[in-house]
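Student: structure, please.
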Amino acid sequence: MPRGLPKDVKKCLEKSRDSALLAVETYNKPAINFKSGAYIVLMTISWTALFHAYFLKNKIKPYHKENNRFIKRDGDFYYWELGTCVKKYFENQVSNPIRKNLEFFIPLRNMIEHKSIPEIDSDIFAECQSLLLNFDKIMEKEFGLTYCIRESLSFALQLYPSSKSLNNAVVENPSSKSIVDFIKSYRSSITTDVLNTGEYSFKAFLIQVANHESKNTLPIQFVAYDKLDDAQKNNVNRVATLVKNKFVQVAVSNKDKIKPNDVVKKVQAGLGNIKITKNGKEKDKFNTDTHTRCWKKYNARPISRAVNPERTINKYCVYDSLNNNYGYTEDWVDFLIEEMAKEEEYNSLYN
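Tutor: Numbers count the residues shown, from 1 in each chain. Modelled structure (predicted):
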């Protein structure tokens, strides 16, 4: 850490940079499920320390007061938390996109502190990316390039992103409903101008190319959308539309749904094609009768001729009103194979 700053400021900057780098390292580890949660907690610490460094450098004591006296807890000053720091730093800048991005994560951090909700990771990626880019932007503004972390980071190797939505998150994990409701509510409260800035939510699309014009060309470069001129923006929008249309030209109804008989075959095969003997006759362990008992037990779909046949568990089953029947998902097949492999669970169907 270069010289020239007070000791307490340097300590805050060290803490801030280390926490940000640890946040990125944690987020990019493939084996970690608590990806966004850990990242948000660590970036909250990082941003808080960055603001403390800024206030201390500018002779502003970032401590809470009571009766005009600084409060102490456990022998140390009671420092401002991130929410207070944001209000002080962005005073009179209520609609600042960086502020809005930070204010998105403050309550979200509190909500996910005691929960693991990996189902929302892909949906909040854009805000997470901006949280990091904004961090380096403010670091450069207040302390110069020397303290930035961008040279320590590289573009993470990735597979194709998840196609899960917030609605999928609620289906897969009902306890995430309060978090999903907050995310939707917060986004709807923000103006379109703020939403469209890269400082609130960083969005990008990658186009694979066969080759570059020069061997020395960087393989990946970030170009800020709001820094492009109108002609460049139009070209980007045109390419994005072409890419989108390429993948959504044809809509096929229920393309990925499985018929009941095929579910039975897949599950039976997944169980190793085990045979059982009942009433002196040998038959498949998992058969049509077993499947019927399963969707009834696990409430995957309503009973026949139900008043509301569409009330299914979407993760497992979807109602086709045109043909008046049900289609099942691969998740349902996987779920049944796992559950029916447990003898107690299988036997409970017939008790």
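Student: what's the end-to-end length of stretch 19-35?
Tutor: With C-alpha to C-alpha, to the nearest Å as the measure, the first residue of stretch 19-35 is 15 Å from its last.
Student: run the chain-centre distance for that stretch.
Tutor: How far stretch 19-35 lies from its chain's middle: 13 Å, per C-alpha atoms, centre = their mean, to the nearest Å.
Student: and for stretch 62-76?
Tutor: 37 Å.
Student: could you list the buried residues of that stretch?
Tutor: Pro62, Tyr63 (16 or more other C-beta atoms under 10 Å). For the C-beta atoms, the positions are set from N, CA and C on the backbone; glycine is no exception.
Student: quick one: end-to-end distance for it.
Tutor: Stretch 62-76 has an end-to-end distance of 12 Å (criterion: C-alpha to C-alpha).
Student: now it: mean pLDDT?
Tutor: Across stretch 62-76, the average pLDDT comes to 84.
Student: ditto for stretch 94-101
Tutor: 92.
Student: show me where the protein has helices.
Tutor: 7-27, 35-57, 82-89, 97-112, 125-143, 166-172, 177-188, 192-195, 230-247, 260-270, 288-297, 330-340, 343-348 (DSSP state H).
Student: reformat those as a markdown table; add mean neighbour count and distance to Asn67.
Tutor: Shown next, in a markdown table, are the helices of the chain (neighbours: other C-beta atoms under 10 Å; distance: least, C-beta to C-beta, whole Å):
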| stretch | mean neighbour count | distance to Asn67 |
| --- | --- | --- |
| helix 7-27 | 19 | 25 |
| helix 35-57 | 23 | 21 |
| helix 82-89 | 18 | 18 |
| helix 97-112 | 20 | 27 |
| helix 125-143 | 19 | 31 |
| helix 166-172 | 17 | 45 |
| helix 177-188 | 14 | 35 |
| helix 192-195 | 12 | 38 |
| helix 230-247 | 11 | 54 |
| helix 260-270 | 18 | 69 |
| helix 288-297 | 16 | 63 |
| helix 330-340 | 18 | 58 |
| helix 343-348 | 11 | 63 |
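Student: how about those helices in CSV, adding distance to Tyr63?
Tutor: Compiled in CSV, these are given as follows (distance: least, C-beta to C-beta, whole Å):
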stretch, distance to Tyr63
helix 7-27, 12
helix 35-57, 9
helix 82-89, 10
helix 97-112, 19
helix 125-143, 19
helix 166-172, 38
helix 177-188, 29
helix 192-195, 31
helix 230-247, 45
helix 260-270, 61
helix 288-297, 58
helix 330-340, 51
helix 343-348, 57
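Student: compare these and give me the one nearest Gly75.
Tutor: helix 7-27 (16.1 Å; C-beta to C-beta).
Student: elements contacting that closest one?
Tutor: Helix 7-27 is packed against helix 35-57, helix 125-143, with contacts defined by 3 or more C-beta pairs under 8 Å, 6 or more residues apart in numbering; DSSP states H and E.
Student: the last one: how far from the chain's middle?
Tutor: Pointing back at helix 125-143 there. Worked out by C-alpha atoms, centre = their mean, helix 125-143 lies 18 Å from the chain centre.
Student: before I go, just wanted to say thanks for your time.
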